[in-house]
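> fold the following for me, if possible:
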Amino acid sequence: MTSEELAARLKAEGLEPTTWGNGPGDRYAPHEHEYDKVLVCAEGSVRFRLPSSGGVVDLAVGDRLDLPAGTPHDAVVGRDGVACLEAHLPAGRLASICRHAAGTW
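Numbers count the residues shown, from 1 in each chain. This is a model prediction of the structure:
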């Protein structure tokens, strides 16, 4: 699925996605947000760690991560870099962390 098709799917849900990307091996330190976040991997791959639970979520092209506000997480970009679509929702709209495999959301 192309980035445009993934963005269209998010827009069909009433979301307004923006894009971001990083190079191979780039890292984000642990942090959290005051809003709910929906992430979709459009190119490459990225690994999110969830320190509070010890969980790990790997995203490849087409995979989606729903991340409720206040969820501590960090990220490491895969060997080919990453491009993601991201949409924000008011805190409390997402009940739990949920990974959706490509083609299932």
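> how about the helices in this protein?
Here the chain has its helices, by DSSP state H, at 3-12.
> wait, what's in contact with the spatially closest residue to residue 32 that is not a sequence neighbour?
Closest residue in space to residue 32, ignoring its immediate chain neighbours: residue 72 at 5.0 Å, by Cβ to Cβ, 6 or more residues apart in numbering. Where C-beta positions appear, they are placed from N, C-alpha and C, glycine not excepted. Each residue near residue 72 by Cβ atoms under 8 Å, 6 or more residues apart in numbering is listed here: 30, 31, 32, 50, 51, 52.
> most neighbours, which of these?
Counting neighbours by other Cβ atoms under 10 Å, the top entry in the contacts of residue 72 is residue 50, with 17 neighbours.
> so it versus residue 18, what's the distance?
Distance, residue 50 to residue 18, using Cβ to Cβ, to the nearest Å: 23 Å.
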